[in-house]
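>>> Task: produce atomic coordinates for the following.
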Amino acid sequence: MRAGDRHAAAEFVTKYGPRIRRRVRARMNPSMRRIFDSEELLSTMARRLDQFVHEGRMTAENQARLWALVNRIGDNAVIDRYRLMKRLDTLEAADGPAAETIRRRQEPSPDADSSPIALDEILDWIVDARDRQILMLWLHDVPLGTIAECLMMTPTAVRKRWQGVRERLHERLDGKLNDRA
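A predicted model of the protein is given here:
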């Protein structure tokens, strides 16, 4: 993996996936375990490890350091997921319906035939890269004015794009909800 072998990283995650999932679940309190799917967290960790290897940032010289890195990636994935859920719980009124729809689809359903939609799947629905950046920054509690500055756009343009993103997500998520009913 230090040499940039992404296949080796994939093999590592495949071989040790159950162990990684157990470790991540053990670090979460019971209320978090009800909300977070360890399989989705493993998928997030695998993508982050792959990116780490692909960018040549893998410097772990031995197994202990590799596991320390994997554990840190897992902790960060859980923290990011927790922050996302807290963010969705505390949104302003205008974004409330979009946040509620996303949050509702992230949580496990009591219906055995329905499963939560992964955030990565939701992000894949946003085709335009700028719209995806707007959504990700919004999820990290960045105000729309600041998003406009970051993306070198006018605040009005960002608000309009955000409105379109919210509407598309709401339609898509409601459609998924109805398809699974």
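>>> Now do the helices in the protein.
All helices of the chain, identified by DSSP state H, fall at 6-27, 30-35, 38-54, 63-89, 96-106, 119-125, 129-139, 144-150, 155-180.
>>> Residue ranges of each domain in the protein, please.
The record's domain parsing of the chain by automatic domain parsing lists 6-89, 93-180.
>>> Report the mean confidence score over the first one.
When the per-residue pLDDT values of domain 6-89 are averaged, the result is 85.
>>> again with the last one
Here domain 93-180 scores 72 as its mean pLDDT.
>>> Can we start the residue count at 564 from this point?
Yep, numbering from 564; the last one is domain 656-743 now.
>>> Now mean neighbour count too, for the domains of the chain, in CSV please.
C-beta: built from backbone N, CA, C; applies to glycine. Output for these, formatted as CSV (neighbours: other Cβ atoms under 10 Å):
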stretch, mean neighbour count
domain 569-652, 15
domain 656-743, 15
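>>> Return the backbone torsion pair for the nearest residue to residue 622 once chain neighbours are set aside.
Nearest non-adjacent residue to residue 622, counting by Cβ to Cβ, 6 or more residues apart in numbering: residue 565, 6.8 Å away. The phi/psi pair for residue 565 (degrees, to the nearest 10) reads phi -60, psi -30.
>>> residues contacting residue 626?
The contact partners of residue 626, by Cβ atoms under 8 Å, 6 or more residues apart in numbering, come to none.
>>> From residue 632, how far off is it?
According to Cβ to Cβ, to the nearest Å, residue 626 and residue 632 sit 11 Å apart.
>>> And for residue 617?
Taking Cβ to Cβ, one finds residue 617 at 14 Å from residue 632.
>>> ok, now residue 577?
From residue 577 across to residue 632, the span is 17 Å (Cβ to Cβ).
>>> How about residue 611, nearest residue that isn't a chain neighbour?
Per Cβ to Cβ, 6+ apart, closest to residue 611 is residue 636, 5.0 Å.
>>> contacting residues for that neighbour?
608, 611, 612, 615.
>>> JSON lines please, covering those residues and showing distance to residue 706.
As requested, the contacts of residue 636 are exported to JSON lines (distance: Cβ to Cβ, whole Å):
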{"residue": "608", "distance to residue 706": "30"}
{"residue": "611", "distance to residue 706": "26"}
{"residue": "612", "distance to residue 706": "32"}
{"residue": "615", "distance to residue 706": "30"}
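>>> I'd like to know which of those residues is nearest to residue 573.
Closest approach between these and residue 573, by Cβ to Cβ: residue 612, at 8.9 Å.
>>> got the contact list for the residue lying closest to the closest one once chain neighbours are set aside?
Among residues not flanking residue 612 along the chain, residue 572 sits closest, at 5.3 Å (Cβ to Cβ, 6+ apart). When contacts are counted by Cβ under 8 Å, 6+ apart, residue 572 touches 564, 609, 612, 613, 615, 616.
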